[in-house]
Each structure stands twice: as C-alpha cells, then as structure tokens.
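> build me a model:
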Amino acid sequence: MKKIVLILLVGVLSLFGGDLHLISVPNADGKLNASVIEKALEANGFVIAADSEMNGPFTKQFGQSDFAQFNLLTAYHKKLADSLVRSHPDAGIFVPMGFGIYQRNGDKNLHVSILTAEAMAKIAGFKAKEFGLIEKEALSTLKKALPNAKITMSETSLPAEGTLLSRYVKASSSDSWKSDKDSTEMMIEEGLKPAGFVLSNFTDYNFALNESSVASPFDFYDTYSICKLKVIYTVAKTRPEAAAFAPCTLMVYKKKDANEIVMGFPGVYNWMSSARVSDSEAKAVLVQAQKDFEAVLQNTVE
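Numbers count the residues shown, from 1 in each chain. Model (predicted):
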C-alpha cells in the first residue's frame, strides 16, 4: 500500500508541480499568432515591451527553422507592476515578463508558455501578492485571445544547478548617481555585443513609475531585454517552452535612499530547471551565456 501511495503522490507532483503554464490551441490555418496575443494584452492593461519574430533570424543565421511561428513577446501589467516594483525592487526582472509563442512545422497547434506566480517568487527570492494577480491577468487574457485553448502545467522542475537570480551591486551616492548611471549602462551596452548578445528592448521604467500620482522611489530604474540567438535556437529544438525566459530581463536601478546601483537578471539555471533543459548542447550554450553575461556585469562593478 505504501508503494502505491508513493507512486500516486509522484504522479500528482508531476502534474501540478511545474513552473510554466503551457497553453495549446488548434491553429491549423495559422490565423492565431503573436499579433493576436499582443492586441489582447494591450486591451487588458499590459504594456508591450517587444514582440520579436525569431524565424527570420533563425533562417538567416542557421539556414533553417523548425518552426512555422516563433515569437518572443515581452510585456508588463501597468498597474500591478507599479505596485510590485515599489514594494519589491528586485521584481524588475519581470518588467517585462516573457510570453513564449511557438508552433512547430507540421504542428496543428499554437503554443504559449509563461511563468507561474510560484516560479516568479522562487526566482526573485520573495513572495508578493502581485505575482498571483499578474498571473491571473495574463491567463485571463490568453483565454480571451485563444478561446479554444487548453492550459496545462509543465512537468515538475529539475533541481537547480546554480543561482536563480544573478545580482550585482555597485557603490553610488546621491551626488554621483547620474554619472554612475551613465558609466554603468555604457559599460553594460558596450560589453553585450562583443559577447554575442542582442538588445531587443530598453525600458525606462522610472518614467512609467513617475506617471503615477505617487512619485517614484528610485533615482532611476531601467530594464534591458537581452538575448543570444544561438541560445534560443539551440534550446528551442528540444524545449521551446523555455521561450518564457527569453529575452532575459536585466534590471538596473538605484533607490533614492540607497548608496548603491543594483543589477540583476534571472540566471540560465532557471531554463535548465523550470523548462527541464537536459540536452548537452543546449546546456553548454546556456552555461556559456551565463558566464558571458556575468563577466559583463562584473566588469561594471570592478
């Protein structure tokens, strides 16, 4: 009897313990696409940061694509993100958050992947009610945009092989923060291209915070959407749902009452754990990307 109970328990965990919501909808005619989802998000309180079509770059660099559609859409909920970041500054790693949108060649279904609220809390290292509210709004929007969709959970995540949030701190002050900001972000931007990274979007999130009736608590708050084409292409061959993590959002901010600039991004170990990336080639490009990204940020704090 104990063995049976254990088997059943493992089965339950595998069904409900995943970090990703996986949405699948019939789309043999190809009429459903990222544009449909983008419009639905905008109509439901989200701000679109970027909608990057990847098939063109895949074909140009690698000579082919396994997908009829592959888009990396990033967005944030205007009202809820404001509340979230004011209370938990490091939550900027999800401003914007990712919506992986893909349909393999020959597949009659379109797929979308997004992080669960529990996964966001796990990565950030803290719980916040806004994670659950954002998750609710995102799922509600996707149901409206894709009315015949089936929503499931990914398999239970694998044990993390490294730090889920890579965070760096650089000294600054109320007198020098403007020049510190300029030099820090210049070093980041100059370091990305030689390492093979592409900057798909830049968000001056402090501008959005200052649009509220309550002034921003930050001197500045910027987020960068950063990706590496080879990483996405390689991982997508076996785990396209990992697109929920791409592009990676890098937060760079300074609170008005703090003497430091904070930088941080979700590590590639989230891809391996949450999306269960186990293919050796995919893991190799992910780990190299982590090392390259960390080297760029380390260079800014030295």
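
> quick one: secondary structure of Leu133?
helix (DSSP: H, G, I helix; E, B strand; the rest coil).

> next up, the contacts around it.
Going by C-beta atoms under 8 Å, 6 or more residues apart in numbering, Leu133 touches His77, Leu80. Every C-beta, even on glycine, is put in place using the N, C-alpha and C of the backbone.

> check which helix or strand the residue nearest to Thr223 when sequence neighbours are not counted maps to.
Of all residues not flanking Thr223 in the chain, Thr203 sits nearest, at 4.7 Å (C-beta to C-beta, 6 or more residues apart in numbering). Using DSSP states H and E, Thr203 sits in strand 198-204.

> kindly report the same for Glu294.
Per DSSP H and E, Glu294 falls inside helix 280-301.

> I'd like to know which elements that helix is packed against.
strand 165-171, helix 177-192, helix 229-236, strand 260-266, helix 269-274 (3 or more C-beta pairs under 8 Å, 6 or more residues apart in numbering; DSSP states H and E).

> could you rerun that using 7 Å?
With contacts taken as 3 or more C-beta pairs under 7 Å, 6 or more residues apart in numbering; DSSP states H and E, helix 280-301 sits against strand 165-171, helix 177-192, helix 229-236, helix 269-274.

> buried stuff in the strand holding Thr203?
By 16 or more other C-beta atoms under 10 Å, the buried positions in strand 198-204 come out as Ser200, Asn201, Phe202, Thr203.

> closest to Ala244 out of those?
Minimum separation from Ala244 among these (C-beta to C-beta) is found for Ser200, which lies at 15.1 Å.

> now that closest one: how far from Met153?
Going from Ser200 to Met153 by C-beta to C-beta, to the nearest Å gives 28 Å.

> and if you look at Gly30?
Taking C-beta to C-beta, one finds Gly30 at 26 Å from Met153.

> who has more neighbours, those two?
Using other C-beta atoms under 10 Å, the more surrounded residue of Gly30 and Met153 is Met153, with 15 against 11.

> what is Tyr253 paired to in the beta sheet?
As for beta bridges, Tyr253 partners with Tyr221, Val262 under DSSP bridges.

> for it, give me its contacts.
Pro89, Gly92, Phe218, Phe220, Tyr221, Val262 (C-beta atoms under 7 Å, 6 or more residues apart in numbering).

> can you flag the buried ones in the residues you listed?
Buried, going by 16+ other C-beta under 10 Å: Pro89, Gly92, Phe218, Phe220, Tyr221, Val262, out of the contacts of Tyr253.

> closest to Glu137 out of the buried residues of strand 198-204?
For the buried residues of strand 198-204, the minimum distance to Glu137 (C-beta to C-beta) is 18.7 Å, reached by Thr203.
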